[in-house]
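Peer 1: next one to model:
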Amino acid sequence: MRVPGLNYGKLTEFFLRLSDAGVEQVTEADVTFYNAPHFHHMLRVERRRTERSKKPFLLMLLDLSGLHHRQKSAYIYEEIKSVLVSCSRETDIRGWYEPNKVMGTIFTEIASIDESAIEKIFRKLHRVICETLDAERVKRIKISFHVFPEENGQPSIDNGIFNIAFYPNLSKRNVSRQATSSIKKLMDITGSIFALLVFSPIFLIIAAAVKLTSEGPVFFRQERIGLNGETFTFLKFRSMYTNNDQTRHKDYIKKLIKEGKDDANAPGVYKLSNDPRITPVGGFLRKTSLDELPQFINVLMGEMSLVGPRPPIPYECELYDIWHRRRLLSVKPGITGLWQVTGRSRTTFDEMVRIDLKYINDWSLWLDIKLLLKTPWVIITGKGAY
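Peer 2: Below is the predicted model:
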C-alpha cells in the first residue's frame with residue numbers, strides 16, 4: 001500500500017544514506033548493527049542514561065583479532081553478527097567497537113547484574129558460537145564483560161578511575177580542537193616558565209620561611225588524579241605540620257560529597273578553617289594562595305594546565321557519584337579555573353562539578369585567557385580564598 005503524497009524516491013534515498021552513515025542491516029529480522037562511531041555514540045548515550053536512572057548496563061566485547069588474515073573473514077563476521085543478534089534482545093545495541101576487530105553488545109535496561117546473569121549470557125553465546133563456527137575459530141575469539149557503573153574504588157582499569165572499555169575515545173582528541181589544544185599546551189609551557197622565573201625570589205623567601213618555622217620538607221607532595229584518571233604527584237608549599245592525621249578532612253569531604261553538608265566553619269569546598277594542623281606561616285600562604293606556586297612545576301611537567309578543574313585526592317574520587325567522574329575527562333586539571341574564579345568558597349560540591357563540566361563543554365582559548373586575567377584580582381581581594 002502506497003501513501004498518497006509520499007515521495008518514495010526520497011524516502012529510499014534517506015534510508016540508503018542512513019545505512020551509509022553507519023547502520024548495517026543483518027538477519028531476516030532487520031536488526032541494526034552499528035559501525036564504530038555510531039556504537040561509541042550509543043555507548044555514550046547509555047552512560048548518560050545510567051547517570052540519571054542508576055540502572056546498570058552490561059557491555060560485552062568480542063575480540064576477533066585472532067581471526068585476521070584468514071580467508072572468508074567477511075563471511076565469518078556476518079555469522080558472528082547473526083550470533084550476537086540471536087543472543088540479545090531487540091532493545092539491546094550491537095555494533096563494531098573497533099572496526100573489523102572487536103564487536104560489542106550493550107545489554108540495556110537491566111535491573112541488576114551479578115555473576116549468574118553474566119554467566120547465563122556467556123553460556124548461551126558460547127553455545128551458539130560453537131554451533132556456528134568450527135572449534136579452531138572459536139578458540140581465537142576472546143570475550144569480555146564490563147558492568148557500568150563500576151563500583152566506587154574498584155574500577156577495572158589500571159589508572160584506578162575509569163574502565164577504558166566504556167570510554168573508547170578517551171585518548172582520541174577532538175579533531176576540531178587539535179590546533180587550539182596545541183596552542184593551550186604552548187601557553188602552559190611558556191606561562192609556567194615565565195611564572196617560575198618571575199616568582200623565583202618569592203620561592204626562596206617562602207621556602208626559607210617554611211623551613212625555619214616548622215620541621216619538615218619545604219614542599220608538600222600528594223597523589224592527585226589528573227587527566228582521564230591518571231595519577232601524579234601534586235606540589236604545594238607545605239602549610240601544615242608533618243605527620244598529620246587525614247581523618248578530619250576525610251570525614252569533612254564525605255559529608256560534603258555524600259550528604260551535601262558543608263562545615264559551618266569551612267572557608268571553601270575543600271579546606272577547613274581553624275585547622276590545628278596548619279602552621280602560622282601556612283595560614284598566611286593559604287590565605288594569599290602563595291602555597292599554590294609550586295604547581296607551576298606540575299604545569300611545566302605536563303601534569304597540569306594553567307586553567308582547568310581542580311585535581312581531586314584519590315579518596316575523594318571513591319565518593320564520587322557516576323556523573324561526578326566526568327569532570328576528570330577531556331582536560332587536564334588546572335591551577336585556576338572557572339569555579340575558582342566564579343565560585344570559590346560560595347560553591348557547593350555539586351555546583352562546583354557542574355561549573356567544571358560547563359568549562360569542559362564551553363572550553364576555548366579565549367575563556368582560558370579571561371580566567372587567567374581574573375585570577376589575580378580574586379586572589380588580591382581574597383574573595384573566598386581556598
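
Peer 1: any idea which helix or strand carries the closest residue to residue 242 other than its chain neighbours?
Peer 2: Leaving aside its sequence neighbours, residue 242 sits nearest to residue 216 (Cβ to Cβ, 6 or more residues apart in numbering; 3.8 Å). C-betas here are computed from N, CA, C, even on glycine. When secondary structure is defined by DSSP states H and E, residue 216 falls outside every helix and strand.

Peer 1: count the residues that sit near residue 216.
Peer 2: Residues within reach of residue 216, counting by other Cβ atoms under 10 Å, total 14.

Peer 1: same question, residue 104
Peer 2: Residue 104 has 25 nearby residues by other Cβ under 10 Å.

Peer 1: shouldn't it be within a strand?
Peer 2: Yes. Counting by DSSP: H, G, I helix; E, B strand; the rest coil, residue 104 is part of a strand.

Peer 1: show me the contacts for it.
Peer 2: Residues near residue 104 by Cβ atoms under 8 Å, 6 or more residues apart in numbering: 39, 43, 59, 60, 61, 62, 94, 95, 96, 97.

Peer 1: returning to that earlier point: what pLDDT does the model give the residue nearest to residue 242?
Peer 2: Residue 216 is assigned 90 on the pLDDT scale.

Peer 1: which residues of the chain fall in helices?
Peer 2: Remark: helices assigned in the chain by DSSP state H are 8-22, 36-53, 73-86, 115-132, 135-139, 178-198, 200-213, 247-258, 280-288, 295-300, 314-317, 338-342, 349-362, 365-381.

Peer 1: give me the below-cutoff pLDDT ranges for this structure.
Peer 2: The model of the chain has pLDDT under 70 over residues 1-31, 68-72, 111, 151-161, 170-179, 259-274, 343-347, 382-386.

Peer 1: per-domain residue ranges of it.
Peer 2: According to automatic domain parsing, the chain comprises the domains 9-149, 175-381.

Peer 1: please identify the most buried of those domains.
Peer 2: Mean neighbour count (mean count of other Cβ atoms under 10 Å) peaks for domain 175-381 among the domains of the chain, with a mean of 17.

Peer 1: how about residue 289, phi and psi?
Peer 2: In terms of degrees, to the nearest 10, the main-chain angles of residue 289 are phi 60, psi 20.

Peer 1: returning to what we had before: for the helices of the chain, which one sits closest to residue 169?
Peer 2: helix 36-53 (5.9 Å; Cβ to Cβ).

Peer 1: for the closest one, which outside residues touch it?
Peer 2: Around helix 36-53, the neighbours that count as contacts under Cβ under 8 Å, 6+ apart are 21-23, 34, 55-57, 59, 93-99, 104, 106, 108, 148-149, 166, 168-169, 321-323.

Peer 1: what distance do you get for the residue lying closest to residue 282 once chain neighbours are set aside to residue 289?
Peer 2: The shortest distance from residue 282 to any non-neighbouring residue, by Cβ to Cβ, 6+ apart, is to residue 239 (2.9 Å). Going from residue 239 to residue 289 by Cβ to Cβ, to the nearest Å gives 11 Å.

Peer 1: I'd say residue 234 and residue 223 touch.
Peer 2: Yes. Using Cβ atoms under 8 Å, residue 234 makes contact with residue 223 at a distance of 7.1 Å.

Peer 1: so what's residue 367 up against?
Peer 2: By Cβ under 8 Å, 6+ apart, the residues touching residue 367 are 307, 338, 359.

Peer 1: need these in a markdown table (columns: distance to residue 281).
Peer 2: Output for these, formatted as a markdown table (distance: Cβ to Cβ, whole Å):
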| residue | distance to residue 281 |
| --- | --- |
| 307 | 28 |
| 338 | 30 |
| 359 | 32 |
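
Peer 1: for the residue most central in space within the chain, which non-adjacent residue is closest in space?
Peer 2: For the chain, the residue nearest the mean C-alpha position is residue 329 (3.2 Å; Cα atoms, centre = their mean). Nearest residue to residue 329, sequence neighbours excluded (Cβ to Cβ, 6+ apart): residue 228, at 6.2 Å.

Peer 1: residue 323 now?
Peer 2: Nearest residue to residue 323, sequence neighbours excluded (Cβ to Cβ, 6+ apart): residue 51, at 4.3 Å.

Peer 1: quick check: the one you found vs residue 92, distance?
Peer 2: Residue 51 is 19 Å from residue 92, where distance means Cβ to Cβ.

Peer 1: ditto for residue 64
Peer 2: For residue 64, the distance to residue 92 - Cβ to Cβ - is 19 Å.

Peer 1: got it, and residue 316?
Peer 2: If you measure residue 316 against residue 92 using Cβ to Cβ, the figure is 35 Å.

Peer 1: and for residue 371?
Peer 2: Distance, residue 371 to residue 92, by Cβ to Cβ: 43 Å.

Peer 1: correct me, but residue 129 touches residue 140?
Peer 2: No. Residue 129 is beyond contact range of residue 140, at 11.0 Å (criterion: Cβ under 8 Å).

Peer 1: and residue 300, how far is that from residue 205?
Peer 2: According to Cβ to Cβ, residue 300 stands 21 Å off from residue 205.

Peer 1: and for residue 253?
Peer 2: Note on residue 253: its distance to residue 205, by Cβ to Cβ, is 32 Å.

Peer 1: residue 186 now?
Peer 2: From residue 186 over to residue 205 (counting by Cβ to Cβ), the distance is 30 Å.

Peer 1: check residue 339 too.
Peer 2: For residue 339, the distance to residue 205 equals 30 Å [Cβ to Cβ].

Peer 1: and for residue 244?
Peer 2: Taking Cβ to Cβ, one finds residue 244 at 24 Å from residue 205.

Peer 1: doesn't residue 319 make contact with residue 258?
Peer 2: Yes. Assessed by Cβ under 8 Å, residue 258 is found in contact with residue 319 at 5.7 Å.
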